[in-house]
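Asker: Whatever this is, show me its structure:
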Amino acid sequence: MEHLINIDNGGTLTDICVGSGSEFAFTKTLTTPVDLSQCLFDGMTKVSSVIYGEQDLRKLLHSTQHIRYSSTQGTNALVERKGPRLGLIVDEAAIIDELRSDTYSTSLFDDMVGPRTSVVSGGLDAEALNSTLVAEINRLTTAGAERLVLAAKSKEQEALLKRVILESFPRHLLGSVPVLFSWEFASDDLRSRRIWSGIINSYLHPTVERFLYSAERRLRTYKVKNPLLIYRNDGASSRVAKSVALKTYSSGPRGGLEGTRALAVAYGLPHVLMIDVGGTTTDVGSVNDYTIATERRGRINGIPVSYELSDVHSTGVGGSSIIAVENGRIVVGPHSVGAAPGPACFGFGGKKATITDVNLLLGVLDPDTYLDGELFLDAERSRTVIRESIAEPLGLSIEEALIAMASAYATKVSESFASSVESPETTTLAAFGGGGPMSACDAARIAGVRKVLVPRLAAVFSAFGISFSDISQTYEANITDCTPAEIDAVVSESLSRATRDMFQEGYAIAECTLEWTALVEDAQAVANRSPFERDIDVRSIDGNKTLLVLKATRELPHSIVKGGFPDKKTPAVSTATRSVRTSATLIEELPVYLLDQQSAGSVASGPAIVEGQFFTAQVPTGWNLEVSDSGDLILTDTV
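Answerer: Got it, this is the predicted structure:
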């Protein structure tokens, strides 16, 4: 049976999960930020040895149907404000004020665009328009703009501006400064939303682009026929050439949400909050009544955009987030040490404290088993950094600093999802990612959540969730006030585009499922969906507009998730103990349970440590643990 390789690239670690039927092999490798294609191939080489007993990347690649890839690099770039300087050209000054209309959007606009704005009036004659636009582009690029976004109020005016640019700036002159035209990127009548979409896409694009072209070139050296697929925030995948950077934002967490939905169905959980704790961010999403929460016009860090996105928000707190002292108090994130130099204990030159350093000194992490023993952790480096950056500035002992840092970190993680808790009795927290299980119980208790679910594949769970992805393309067209003949033309054009695009994905349209939907959207982007019928009423009523949506999907094999618990309970078996500091003055010997060695129905009480493959879970005092039929870990607060 052919393999399906699913990869979730994070800021610190890259996860690889390879499925074949009901069998999965997985591993993790350090992210290589200088060349992201390197960690992709390192991880696939590494997982090939898990599958075959020895490294054989070529054999794995030639037995693989598709490689589906997601990355947090764009998300991290936005969180840490590490993207290109942008220039914005509009035809009305008022829209710039609108884009900066609230505190958060002002900050985001200043960080990405700043003063590099230009207003080119649409009322100029041809000669004046040409000279003004050329002068303004020269001014913006001289001011440091590395990419430009052009947005006019109407399609016609924007097309005119585009024609002037292409005539005045041949590719060999402006090619190093790409221009995004807003109407071509998003057919959205709400101008501010359309412009924000273009700005954010342009900001994310270079980070994604650098990796993708390098990865595709390396794959071609192995003569791989099937293309690299990009996993998107909408839960589908497509070729690199058929994807946009905006839809890669939080695509990894969408994989986690798909896996979370499968868990919710398997265990009959009405409301599950996922927290995917990576190296740089904690990503939070919700599954209610087995449905992933999405927004018709999604939001990225609170900013509305033109595309439908899953409702995931990212907070700058993760295993590599910098913990520092500011104004006499401990703060966590949003900046991260990433994989290079990484936490101080990695020994790669890091000089900033992280929760990884804290948990190593607390005794939660075993330096001999971290990352399956493939990475040596240096406790003395952690001690030095924490003493110099936290303990001494606050006048604390190392022991007091460790407890304070762990508390600050758990509080920060809790803040990332507390507002999404509907009811402590009905909400379950699904904690995964390399750092999720480690602090989940402490964070859940702060937020009032009493049940935590840690999947057996927690360390690579977002990569696992990508295995629920199909190849898909979606097309929208505004048919408001169209005649039947005009609607027929739109249907024909949509089908033609789908046929062409899916052929380029490698599949005939006859192999695909076509879903036609009529979507009636009001001014607040609230939409009602129904199956499309040719005689639909498309009149504009109270500002509503009707969109024709075509979704073409080629289904790929999906994973199967089983839940349940046996009636018979047995004590969990501990094969070791670990000395863990639980307060500034107390070290306790805690039992260590190896998750893969526990039988279904195994139970125990905290305080304890549970070791899974590539992750460590803390079970605090007052929490009980139980292992499900599928080997997942259920933690319940009894206090």
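Asker: Quick check: phi and psi on residue 11?
Answerer: phi -70, psi -30 (degrees, to the nearest 10).
Asker: Hmm, it is touching residue 321, no?
Answerer: No - with contact defined as Cβ atoms under 8 Å, residue 11 and residue 321 do not form a contacting pair (9.8 Å). Using the backbone N, CA and C atoms, a C-beta is placed for each residue, glycine as well.
Asker: Let me know the next secondary structure element after the helix or strand of the chain with the lowest mean pLDDT.
Answerer: When each helix and strand of the chain is scored by mean pLDDT, DSSP states H and E, helix 171-174 comes last, with a mean of 55. Downstream of helix 171-174, the next assigned helix or strand under DSSP states H and E is strand 179-181.
Asker: Distance from that following strand to the middle of the chain?
Answerer: Relative to its parent chain, strand 179-181 has a centroid offset of 25 Å by Cα atoms, centre = their mean, to the nearest Å.
Asker: can you pull out the strands in the stretch 501-639 of the chain?
Answerer: Using DSSP state E, counting those that start in this stretch, the strands of the stretch 501-639 of the chain run over 513-521, 527-531, 545-554, 570-571, 576-583, 586-594, 602-605, 608-612, 615-619, 623-627, 633-637.
Asker: helices or strands next to the last one in the packing?
Answerer: Here strand 633-637 is seen to pack against helix 436-447, strand 451-454, strand 615-619, strand 623-627 when contacts are counted using 3 or more Cβ pairs under 8 Å, 6 or more residues apart in numbering; DSSP states H and E.
Asker: out of those, nearest to residue 331?
Answerer: helix 436-447 (16.4 Å; Cβ to Cβ).
Asker: Please identify the buried residues of the closest one?
Answerer: For helix 436-447, a neighbour-count test (16 or more other Cβ atoms under 10 Å) marks 436-445, 447 as buried.
Asker: what's in contact with it?
Answerer: Here helix 436-447 makes contact (Cβ atoms under 8 Å, 6 or more residues apart in numbering) with 275-277, 319, 355, 359, 364, 406, 409-411, 413-414, 417-418, 421, 429, 431, 450-452, 454, 458, 606, 610, 612, 615-620, 623, 633, 635, 637, 639.
Asker: For ChimeraX, write the select line for the buried members of those residues.
Answerer: Filtering the contacts of helix 436-447 down to the buried ones (16+ other Cβ under 10 Å) takes a single ChimeraX command:
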select :275,276,277,319,355,359,364,406,409,410,411,413,414,417,418,421,429,431,450,451,452,454,458,606,610,612,615,616,617,618,619,620,623,633,635,637
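Asker: need the helices and strands packed on strand 633-637 in a markdown table with distance to residue 246, can you?
Answerer: Shown next, in a markdown table, are the helices and strands packed on strand 633-637 (distance: least, Cβ to Cβ, whole Å):
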| stretch | distance to residue 246 |
| --- | --- |
| helix 436-447 | 26 |
| strand 451-454 | 31 |
| strand 615-619 | 31 |
| strand 623-627 | 40 |
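Asker: coming back round to it: in terms of neighbours, single out the busier of residue 11 and residue 321.
Answerer: Neighbour count, other Cβ atoms under 10 Å: between residue 11 and residue 321, residue 321 has more, with 34 against 28.
Asker: per-residue confidence for the closest residue to residue 521 other than its chain neighbours?
Answerer: Computed as Cβ to Cβ, 6 or more residues apart in numbering, the closest residue to residue 521 that is not its neighbour in sequence is residue 527, at 4.4 Å. In this model, residue 527 is scored at 82, pLDDT.
Asker: pretty sure residue 17 contacts residue 26?
Answerer: Yes - between residue 17 and residue 26 there is a contact under Cβ under 8 Å: 4.3 Å.
Asker: more crowded one of these two?
Answerer: Set residue 17 next to residue 26 and count neighbours by other Cβ under 10 Å: residue 17 wins out with 29 against 22.
Asker: so that one is in which element?
Answerer: strand 13-20.
Asker: Could you list the paired strands of that strand along with their orientation?
Answerer: strand 3-9 (antiparallel), strand 23-30 (antiparallel) (DSSP bridges).
Asker: List the contacts of the first one.
Answerer: Taking contacts as Cβ under 8 Å, 6+ apart, the residues outside strand 3-9 that touch it are 14-20, 31, 36, 39-40, 43-44, 47, 51, 60, 63-73, 211, 231, 252, 255, 460, 462-464, 466-467, 469, 556-557.
Asker: got it, and the longest one?
Answerer: The set of residues that contact strand 23-30 without belonging to it, under Cβ under 8 Å, 6+ apart, is 12-18, 39, 42-43, 46-47, 50-51, 339, 342, 371, 375, 434, 457, 459-460, 463-464, 559, 613-614.
Asker: switch to 7 Å and redo it
Answerer: Strand 23-30 is contacted from outside by 13-18, 39, 42-43, 46-47, 50-51, 339, 371, 457, 459-460, 463, 614, using Cβ atoms under 7 Å, 6 or more residues apart in numbering.
Asker: Can you tell me which of those are buried?
Answerer: Using 16+ other Cβ under 10 Å, the buried ones in the contacts of strand 23-30 are 13-18, 39, 42-43, 46-47, 51, 339, 371, 457, 459-460, 463, 614.
Asker: which residues does residue 64 bridge with?
Answerer: The partner residues for residue 64, given DSSP bridges, come to residue 3.
Asker: give the contact list for it.
Answerer: By Cβ under 7 Å, 6+ apart, the residues touching residue 64 are 2-5.
Asker: least confident pick among those residues?
Answerer: Lowest pLDDT among the contacts of residue 64: residue 2, 83.
Asker: and residue 41, which of the three is it?
Answerer: helix (DSSP: H, G, I helix; E, B strand; the rest coil).
Asker: Below-threshold pLDDT in the chain: ranges please.
Answerer: For the chain, the stretches flagged by pLDDT under 70 are 1, 102-104, 170-175.
Asker: center of it, which residue is that?
Answerer: residue 250 (2.4 Å; Cα atoms, centre = their mean).
Asker: Can you mark which positions in the host helix or strand of residue 324 are buried?
Answerer: Element membership for residue 324 (DSSP H and E) is strand 321-326. Neighbour-count burial for strand 321-326 flags 321-325 (criterion: 16+ other Cβ under 10 Å).
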